[in-house]
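Chemist: coords please:
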Amino acid sequence: MKPFTYLSPTTVEEAISFYGQHSETAKFMAGGTDVIVKVKEGWMEPDFLISLKRIKEMSELHKNEATKELSIGALVTHATLEKSLMIKNEYPIIYDAVSNIGSLQVRNVGTIGGNLINAVPSADGAVPMIALDGVALLHGPDGERSSDVKDLFLAPYKTILKPGEILKKITIPAQAPHTGSAYTKFGRRAAMELPLVGIGVLLTLDDDLETCTRARIVLGVAGPTPMRAFDAENYLVGKKINEDLLIEAGKLAADESKVRDSVRGKAWHRREMVRVHVKRMGLKCMNIIRANN
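Modeler: Residues are numbered from 1 along each chain as shown. From the prediction side, this is the model:
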């Protein structure tokens with residue numbers, strides 16, 4: 001492993017300043033579960049490693065009771081989200097996703113921001129943030145800017161972040177009444193496994209608890225980046241949700257997916273799992289909504 005200098009700023013501004021001083025020879029690090037592996041194996045050879053762990057504002061998890069807006073600092077760990085009763089009860093799609101990431105040890109140090117910025121197609125954390133219409137706050141040498149989480153990803157391992165920019169936090173807007181959400185990770189085994197596909201569904205119903213007013217169907221490992229199945233979503237909106245309708249939405253989502261053959265699974269199998277699990281997650285959303293009303 002190539003030696004590097006470890007820098008530990010306490011503010012976002014200081015971290016960006018460090019990067020500016022050392023330019024392309026520096027790398028930011030959040031939890032380190034991916035960066036340290038890459039450094040050890042020689043895939044990444046920074047002269048300076050800028051740890052963000054001491055920046056307190058980036059570790060805050062807070063819901064504004066006035067606006068009902070949820071703020072998730074980029075350094076919030078998967079374990080913090082998993083253990084939060086507020087997350088489990090009010091944002092079950094986040095709980096479903098983070099509680100299946102890696103091992104307990106990985107969840108204790110791995111961060112939601114790192115999971116997003118790595119931009120791997122199999123990132124479990126990306127699916128719920130997209131389904132919940134999350135907005136990413138980016139901070140860099142030119143100041144702050146925002147982006148919908150769904151627009152963060154350009155290609156595998158590539159995001160819209162410019163050199164020296166940091167993902168500071170993710171903001172989730174207030175959720176409408178009668179909303180349910182769920183995520184499932186389909187893999188060859190139940191734990192310590194990358195998903196063959198990840199499927200997140202969010203449904204909002206009208207006051208009749210039947211008619212869909214909003215739908216989000218988000219697929220992971222179904223293309224080079226996490227994607228929304230817009231045709232399937234549009235098919236559900238305005239209709240009274242039932243199992244047959246969700247079966248059709250699953251077919252549409254499977255057709256929209258951009259799955260491919262790989263050493264871990266065949267495209268036809270991934271497509272079939274999208275079809276099946278869109279229906280199952282949709283039914284789970286309906287059960288959540290009815291249980292809360």
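Chemist: Can you give me the pLDDT of Leu219?
Modeler: With respect to pLDDT, Leu219 has a value of 96.
Chemist: So it, which state does it fall into?
Modeler: Leu219 carries the three-state label strand when classified by DSSP: H, G, I helix; E, B strand; the rest coil.
Chemist: List the contacts of it.
Modeler: Leu219 makes contacts with 127, 197-200, 226-229, 253, 256-257, 274, as judged by Cβ atoms under 8 Å, 6 or more residues apart in numbering. Every residue, glycine included, has its C-beta placed from N, CA and C.
Chemist: Can you check which helix is longest in the protein?
Modeler: The single longest helix within the chain, with elements called by DSSP state H, is helix 267-291.
Chemist: give me the number of residues near the nearest residue to Pro141 once chain neighbours are set aside?
Modeler: Once flanking residues are discounted, Pro141 sits nearest to Gly164: 4.8 Å by Cβ to Cβ, 6 or more residues apart in numbering. As a burial measure, Gly164 scores 19 neighbours (other Cβ atoms under 10 Å).
Chemist: Isn't Gly164 up against Ser17?
Modeler: No - Gly164 is not in contact with Ser17 according to Cβ atoms under 8 Å; the separation is 9.3 Å.
Chemist: residues touching Thr211, list them.
Modeler: Leu205, Gly238, Lys239, Lys240, Ile241.
Chemist: Distance-wise, check it relative to Arg264.
Modeler: To Arg264, Thr211 is 39 Å away according to Cβ to Cβ, to the nearest Å.
Chemist: likewise Pro46?
Modeler: 30 Å.
Chemist: between the two, who's got more neighbours?
Modeler: Of the pair Pro46 and Arg264, Pro46 is the one with more neighbours under other Cβ under 10 Å, namely 19 against 14.
Chemist: SS state for Thr10?
Modeler: Applying three-state DSSP: Thr10 is coil.
Chemist: part of a helix, is Lys27?
Modeler: No - applying three-state DSSP, one finds Lys27 to be strand, outside a helix.
Chemist: hang on, Gln21 in a strand?
Modeler: No - when classified by three-state DSSP, Gln21 is found to be helix rather than part of a strand.
Chemist: how close does it sit to Pro141?
Modeler: The value you get for Gln21 to Pro141, if Cβ to Cβ is used, is 11 Å.
Chemist: Looking at the contacts of Thr211, which are in strands?
Modeler: Members of the contacts of Thr211 lying in strands (criterion: DSSP state E): Leu205.
Chemist: Now pLDDT, neighbour count and distance to Arg280 too, for the contacts of Thr211, in TSV please.
Modeler: Listed next are those as TSV, based on pLDDT from 0 to 100; neighbours: other Cβ atoms under 10 Å; distance: Cβ to Cβ, whole Å:
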residue	pLDDT	neighbour count	distance to Arg280
Leu205	98	23	18
Gly238	98	11	22
Lys239	98	14	18
Lys240	98	13	19
Ile241	98	21	14
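Chemist: would you turn the contacts of Thr211 into CSV with distance to Thr5?
Modeler: Formatted as CSV, these follow (distance: Cβ to Cβ, whole Å):
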residue, distance to Thr5
Leu205, 54
Gly238, 58
Lys239, 58
Lys240, 61
Ile241, 56
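Chemist: Name the nearest of the contacts of Thr211 relative to Ser84.
Modeler: Leu205 (25.1 Å; Cβ to Cβ).
Chemist: My guess is that closest one contacts Lys240. True?
Modeler: No - judged on Cβ under 8 Å, Leu205 makes no contact with Lys240 at a distance of 9.1 Å.
Chemist: Need the overlap of contacts for those two.
Modeler: Joint contacts of Leu205 and Lys240 (Cβ under 8 Å, 6+ apart) are Thr211, Cys212.
Chemist: In the sheet, which residues pair with Ala215? Tell me.
Modeler: On DSSP bridges, the residues paired with Ala215 through beta bridges are Leu203.
Chemist: neighbours of it, just the number please.
Modeler: 25.
Chemist: Go ahead and confirm it touches Ser181.
Modeler: No - with contact defined as Cβ under 8 Å, Ala215 does not reach Ser181; the gap is 10.7 Å.
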